[in-house]
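In: What follows is a predicted protein model with its sequence.
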Amino acid sequence: MIFIGVTGGIGSGKSTVCSMFGKKGTPVFYADAVAKEISEGEALQEIADEFGTDIIDASKKLDRKKLAGIVFNDPGKLEILNTIVHPRVFHSFQEWKHRDFGNSKFAIVEAALMFESGMFELVDYVLAIVTEEDERVIRISERDNTTVEQIKARMKNQISMEELLELSDFQIQNNGSVDELTSKVNFFSILFSTLQPPKELE
Ligand code: ADP
């Protein structure tokens with residue numbers, strides 16, 4: 001079984017690419033969604049101990065906006081949050097890897113912070129989705145109720161496009177239409193079915 005990490009800056013189109021693979025029957029592990037679940041569940045108490053009970057709202061749920069306001073303006077605090085959440089996400093992924101994948105030759109792992117978190121070490125290859133920054137800001141503004149400043153603050157916590165190109169094994173440029181993106185995903189789907197795990201090639 002081959003595990004392909006899919007990453008890219010916020011708004012690059014990672015989730016879109018992963019859902020295209022998913023529609024083709026490829027198993028997908030959504031690390032960011034798992035991280036969200038963990039921070040709202042098993043890690044909530046630890047997060048509140050670290051960041052104060054203020055981050056829990058009246059209905060006893062995590063106030064994500066408040067937490068984002070704290071961590072996206074303070075790299076040290078973001079680091080603390082990551083050390084609480086990331087190891088639990090890795091553990092969940094390691095368990096997921098042992099499920100029955102049926103006839104699938106490869107599986108996909110979506111993670112916004114693939115390299116920053118160290119998750120790349122748990123996959124065989126990384127596919128980066130690369131999109132011009134201006135286009136990403138436009139797409140996120142249309143997707144989320146968020147300001148350009150908030151978008152830029154999140155972008156600052158991710159590695160640069162140059163580093164992404166250097167570190168990843170494959171890239172998809174997503175500056176064009178959704179149809180173009182679909183064709184590229186179809187191409188990579190065929191390619192990934194033919195890959196051998198890098199360890200077996202050594
Ligand atoms: P990410 O997961 O990397 O943050 P998304 O997949 O959510 O990015 O894409 C950001 C937004 O841009 C979404 O609303 C998505 O539907 C849209 N989008 C993605 N690719 C394209 C494209 N090629 N053309 C137009 N809109 C796109």
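Out: Structure's in. What do you need?
In: now that we're looking at residue 13, how far away is residue 69 from it?
Out: Per Cβ to Cβ, to the nearest Å, residue 13 is found 26 Å from residue 69. Just so you know, the C-beta spots here come from the backbone N, C-alpha and C atoms, and that holds for glycine as well.
In: Between the two, which is the more surrounded one?
Out: Here residue 13 and residue 69 are compared on neighbour count by other Cβ atoms under 10 Å; more neighbours surround residue 13, at 23 against 14.
In: Spatially nearest residue to that one (excluding sequence neighbours)?
Out: The shortest distance from residue 13 to any residue that is not its chain neighbour, by Cβ to Cβ, 6 or more residues apart in numbering, is 4.2 Å, and that residue is residue 174.
In: Measure how buried the one you found is and give me the count.
Out: Close neighbours of residue 174, defined as other Cβ under 10 Å, add up to 25.
In: From residue 131, how far off is it?
Out: If you measure residue 174 against residue 131 using Cβ to Cβ, the figure is 5 Å.
In: Find the centremost residue of this structure, please.
Out: Ranked by distance to the mean C-alpha position of the chain (Cα atoms, centre = their mean), the top residue is residue 111 at 1.9 Å.
In: Whether stretch 121-140 contacts the ligand - can you check?
Out: Yes. Stretch 121-140 reaches the ligand (Cβ under 6 Å from any ligand atom) through residue 139.
In: On the pLDDT front, check the residue of the chain most remote from its centre for me.
Out: Taking Cα atoms, centre = their mean as the measure, the residue most remote from the mean C-alpha position of the chain is residue 58, 29.4 Å away. Residue 58 is assigned a predicted lDDT (pLDDT) of 89.
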